[in-house]
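*Asks:* Quick check, what structure comes out for this input:
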Amino acid sequence: MLAKKDECCMEFIKQGTKFILPILIHYDLDQIRSIEFLFSQNLDRKNTTKGPENVEKFALWDAQNESADVYREGHENVINIVWSREDTYKFKSKERLFLDTRITGNDGYDIPTTIVSLNMSPTLFLENEELI
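*Replies:* All right, here's what the predicted structure looks like:
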């Protein structure tokens, strides 16, 4: 799901940084209605309150209504997700985080996907610290 290292990928996310996370989708995006991206450090969410407001980060790509924070890169099969510094501090450092996706085709059916893991690297910068 994440792009291969030679294409455009990050295996590590660093706290306190703002960046764009490119995600390579191995399906024709012209045949996709929407993609939900759920980032969490909790693989067992069965006992948590449901909904995107109860995960560390949620993003939605809608083929008909792209946003500035989740957008397709040209006509490529890459979806870019913008991360703020605040987003990164929602995750514990030195721990893995997981990305799950729900890809819905134009026909309304979901396409099977797998969960991808990333690492959250710590930072020496304090939250909200500006040195310049």
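*Asks:* Look up how far residue 23 lies from residue 87.
*Replies:* In this structure, residue 87 and residue 23 are 15 Å apart, going by Cβ to Cβ, to the nearest Å. For every residue, glycine as well, the C-beta is placed using N, CA and C.
*Asks:* what about those two, which has more around it?
*Replies:* Between residue 87 and residue 23, counting by other Cβ atoms under 10 Å, residue 23 is the more crowded of the two (24 against 21).
*Asks:* name the element the more buried one belongs to?
*Replies:* strand 19-24 (DSSP states H and E).
*Asks:* One more: residue 66?
*Replies:* Counting by DSSP H and E, residue 66 is found in no helix or strand.
*Asks:* How is residue 86 assigned, secondary-structure-wise?
*Replies:* helix (DSSP: H, G, I helix; E, B strand; the rest coil).
*Asks:* burial count for it?
*Replies:* Neighbours around residue 86, by other Cβ under 10 Å: 11.
*Asks:* gap between it and residue 33?
*Replies:* Distance of residue 86 to residue 33, computed by Cβ to Cβ: 29 Å.
*Asks:* residue farthest from the centroid of this protein?
*Replies:* For the chain, the residue at maximal distance from the C-alpha centroid (Cα atoms, centre = their mean) is residue 132, at 29.2 Å.
*Asks:* Before we move on, what's the pLDDT of it?
*Replies:* Note for residue 132: predicted pLDDT of 74.
*Asks:* got it, and residue 97?
*Replies:* Reported pLDDT for residue 97: 90.
*Asks:* which strand in this protein runs the most residues?
*Replies:* strand 95-105 (DSSP state E).
*Asks:* Identify each buried residue in the strand holding residue 23, please.
*Replies:* Of the residues in strand 19-24, those buried by neighbour count under the rule 16 or more other Cβ atoms under 10 Å are 19, 21-24.
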